[in-house]
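*Asks:* Requesting a structural model of the entry that follows:
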Amino acid sequence: MLPTTPQSETNSHTVELRLAADAALPSRHGDFRVFAFESNDGSEYGAVVKGDVRDVGSVPVRLHSECFTGDVMGSLRCDCRDQLEAALNYIGKQDCGAVLYLRQEGRGIGLVNKIRAYSLQDQGLDTVQANHALGFPDDLRTYEAAIQMLQQFGIRSVQLLTNNPKKEDALKAAGIEVTERVPLRTARNPFNSNYLDTKRDKSGHLL
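*Replies:* Below is the predicted model:
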């Protein structure tokens, strides 16, 4: 089975974002403001922000990669929706914070290839093995867009809500201070237990 072009290949050049629109967003997690960004490659990105984050130290921030199956459809095969809601609940209780929603489905391989990977997992492969079988590395995600959003929001120091040390490394490399990493612990279920073990054992997530 040959892979189609992964989403993150659109990031092979310099990503340039511009703020296109913003509006109030009352939500079940609190009162936020929603921001929409347009990229020079035609991609669109979203973020929700609580309170005044500009030039504030140690702003709680979640970098969240989109997950159609989990975030939208409530899949039990991953912990994406649980992490997103945990982050929104946490930030909703703070004076300020932000969730950046990054358009890199399936760790950057795109929705079609992600479902192909699901099919391979149904046959016994883990998430990393399935990506490799399709011709992809473990993780194709990049954080250029997230860094630009943080810069445009005036966020220079973050309390990062993540289990993934690669996100912390990416922000630090861009000169954004990470004052603390806040783990997002979610409940296991029979459908995502192996997935979580693979994230821990093969992808280095701190679970």
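*Asks:* Point out where this structure drops to low pLDDT.
*Replies:* The chain contains residues with pLDDT under 70 at 1-13, 207.
*Asks:* Quick check: chain neighbours aside, which residue is closest to D22?
*Replies:* Distances taken as Cβ to Cβ, 6 or more residues apart in numbering place F35 nearest to D22, at 4.6 Å, with adjacent residues excluded. Glycine gets a C-beta too; all of them are placed from N, C-alpha and C.
*Asks:* Name the secondary structure element that contains that neighbour.
*Replies:* Using DSSP states H and E, F35 maps to strand 30-39.
*Asks:* Now do stretch 180-190: distance from first to last residue.
*Replies:* Using Cα to Cα, to the nearest Å, one end of stretch 180-190 lies 31 Å from the other.
*Asks:* list the buried ones in that stretch?
*Replies:* R181, V182, L184, T186 (16 or more other Cβ atoms under 10 Å).
*Asks:* Contacts only, for the second one.
*Replies:* With contacts taken as Cβ atoms under 8 Å, 6 or more residues apart in numbering, V182 has the following neighbours: P60, Y90, Q159, L160, L161, T162.
*Asks:* Between those, which sits nearest G97?
*Replies:* Closest approach between the contacts of V182 and G97, by Cβ to Cβ: P60, at 3.7 Å.
*Asks:* So the closest one sits against I91, correct?
*Replies:* Yes - applying Cβ atoms under 8 Å as the test, P60 and I91 come out as touching, 5.2 Å apart.
*Asks:* I'd like the distance from K202 to N194, if you could.
*Replies:* Relative to N194, K202 is positioned 11 Å away (Cβ to Cβ, to the nearest Å).
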